[in-house]
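Student: Would you be able to build a 3D model of this:
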Amino acid sequence: MSDTLAAAKATQPPASHPSVRTLFTRRRTYALAACALLLLALPFYLDRFWLQAGLFAMAAAIGAIGLNLLTGATGQLSMGHAFFLAVGAYGYCVFAGERGEELNGLGLPPWLAAVLAVVVAGIAGGLFSPIAGRLQGAYLGIATLALIFIGQHVLFNAESLTGGANGRDVPAMSLFGLTFDDEALTVAGVPFGSAEKLWYLGLLLTLGCGLFARGVLRGRPGRAMNAIRDHRIAAGVLGVPVARYRGAVFVLSSMYAGLAGVLLALIFQRTVPDYFGITLSLEYLAMIVIGGLGSVAGAVVGAAFVSLLPQILTRYSDALPLVSAPGTGGVAPGEASRYLYGAAVVAVVLFLPGGLVQLAARRVRKHPQEES
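Tutor: Numbering: from 1, shown residues only. Okay, the predicted model is just below:
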């Protein structure tokens, strides 16, 4: 008996030896810190093309996080996400733009205009929330699809607000005395234009939106949302106000989309109605499916995949087979990217239901076993 106890004690690590989980936590912390430093340093080394591509990914990530709260965590299918992006983008232009001969504007401070645009997107979601609270599945998807057609009609015909088919210019953001325009601002010998300035604003907004959504999902609201998704009737029996939660999540998702629309408008510097169509809504659905339903990290990964793919194909179209510039024969980069992430959606649904983040989760689960 004493020999067995002695052998067991000999195999145990000393008290001062860190556990495998602690080592993994440290490594993850160091990796996150290195990633944060890399993201902060990128504007000093990347050209404008890659910075804009990264900004598109950030805006897409914000919108995808909001849609994932709605569709991935609560189980409500929305086909009208592009409508709320348009509300945010054009709302910012109207609130911040100056009144002219052809276009109307309120001339408010840009930061206030951005806040009001997000609020208006939330109000638009609130007006639709009674429907969202009572419909589910394909019925809700069809109902939200109607928002796209209504939005397109308004964007093309309310020319005094939207500029019609030609769109309207986007006023530059101004915050704490710093204007996010193309006027060069030299930092450490590097000229900072609008892309470099917006990079840090986009990072801050993406981080804030991700942390807030993570807190929601890990708290009591997140458990209620998952219960509604998994079994609506059982959730109601347990005391969860199903209709109220569905309506509230729809409003929150709309505000995320409105903020993404504001950031997109600042990146494009001009809004056009054609961009906010059904294709954009389908792309957002592809983002959350590819990345992982119900996961903040999955929304970010899926947004980066779907938004960066056409940018990369456009950049290297000359070196890729079957891909060429539009109008020169072959497959255009935009079309090729849709084929590829369409195939990715099919592959994820068939072979990786948890999305791309499931690969990382498998690695995390295997890591302690490998170390031990």
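
Student: in the stretch 1-150 of the chain, which spans are helices?
Tutor: With helices called from DSSP state H, counting those that start in this stretch, the stretch 1-150 of the chain shows them at 2-11, 20-41, 48-67, 81-96, 110-134, 137-157.

Student: low-scoring pLDDT stretches of the stretch 51-200 of the chain, where are they?
Tutor: Scanning the stretch 51-200 of the chain for pLDDT under 70 picks out nothing.

Student: Can you report how many residues neighbour Leu39?
Tutor: Neighbourhood size, Leu39 [other Cβ atoms under 10 Å]: 16. Any C-beta I mention is one placed from the backbone N, CA and C, and that applies to glycine too.

Student: Find the nearest non-adjacent residue to it, please.
Tutor: Excluding the flanking residues, the one nearest Leu39 by Cβ to Cβ, 6 or more residues apart in numbering is Leu203, at 6.1 Å.

Student: just Ile288 next, same as before
Tutor: Using Cβ to Cβ, 6+ apart and skipping residues adjacent in sequence, the residue nearest Ile288 is Asn68, 4.6 Å away.

Student: who touches the residue nearest to Leu39 in this structure?
Tutor: Neighbouring residues of Leu203 by Cβ atoms under 8 Å, 6 or more residues apart in numbering: Leu39, Leu40, Met58.

Student: How about Glu196?
Tutor: By Cβ under 8 Å, 6+ apart, the contact set of Glu196 is Pro43, Leu51, Val187, Val190.

Student: Looking at the residues you listed, spot the one nearest Arg246.
Tutor: The nearest member of those to Arg246, counting by Cβ to Cβ, is Leu51 at 38.0 Å.

Student: correct me, but that closest one touches Leu42?
Tutor: Yes - under the criterion of Cβ atoms under 8 Å, Leu51 makes contact with Leu42 at 7.4 Å.

Student: Quick check: closest non-adjacent residue to Phe268.
Tutor: Leaving out its chain neighbours, the residue that sits closest to Phe268 by Cβ to Cβ, 6+ apart is Val170, at 6.8 Å.

Student: ok, which stretches of the stretch 201-350 of the chain are strands?
Tutor: Remark: strands assigned in the stretch 201-350 of the chain by DSSP state E, counting those that start in this stretch are 270-271.

Student: what residue ranges in it score low on pLDDT?
Tutor: Using pLDDT under 70, the stretch 201-350 of the chain drops low at 319-320, 322, 324-330.

Student: give me phi/psi at Asp182?
Tutor: Asp182 adopts backbone torsions of phi -80, psi 0, taken as degrees, to the nearest 10.

Student: What is the burial count for it?
Tutor: Neighbour count of Asp182, defined by other Cβ under 10 Å: 14.

Student: residues contacting it?
Tutor: Residues in contact with Asp182 (Cβ under 8 Å, 6+ apart) are Gly193, Ser194.

Student: Ala260 now?
Tutor: Under the criterion of Cβ under 8 Å, 6+ apart, the neighbours of Ala260 are Ala59, Ala60, Ile62, Gly63, Gly66, Leu85, Gly88.

Student: Can you add neighbour count and distance to Thr22 and give these back as JSON lines?
Tutor: Putting these into JSON lines (neighbours: other Cβ atoms under 10 Å; distance: Cβ to Cβ, whole Å) gives the following:
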{"residue": "Ala59", "neighbour count": "28", "distance to Thr22": "37"}
{"residue": "Ala60", "neighbour count": "28", "distance to Thr22": "35"}
{"residue": "Ile62", "neighbour count": "28", "distance to Thr22": "33"}
{"residue": "Gly63", "neighbour count": "33", "distance to Thr22": "36"}
{"residue": "Gly66", "neighbour count": "32", "distance to Thr22": "34"}
{"residue": "Leu85", "neighbour count": "33", "distance to Thr22": "42"}
{"residue": "Gly88", "neighbour count": "31", "distance to Thr22": "43"}
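
Student: so which of these would you say is closest to Asn226?
Tutor: Closest approach between the contacts of Ala260 and Asn226, by Cβ to Cβ: Gly66, at 16.8 Å.

Student: Now that closest one. Nearest residue, chain neighbours left out?
Tutor: Closest residue to Gly66 apart from its sequence neighbours, by Cβ to Cβ, 6+ apart: Tyr256 at 2.4 Å.

Student: How much space separates the one you found from Val262?
Tutor: Distance of Tyr256 to Val262, given as Cβ to Cβ, to the nearest Å: 11 Å.

Student: Ok, Val87 next?
Tutor: From Val87 across to Val262, the span is 10 Å (Cβ to Cβ).

Student: The residue nearest to Gly66 contacts Gly63, doesn't it?
Tutor: Yes - in this structure Tyr256 lies within contact range of Gly63 using Cβ under 8 Å: 6.2 Å.

Student: What count of nearby residues applies to the residue nearest to Gly66?
Tutor: Using other Cβ under 10 Å, the number of residues around Tyr256 comes to 32.

Student: Much appreciated, bye for now.
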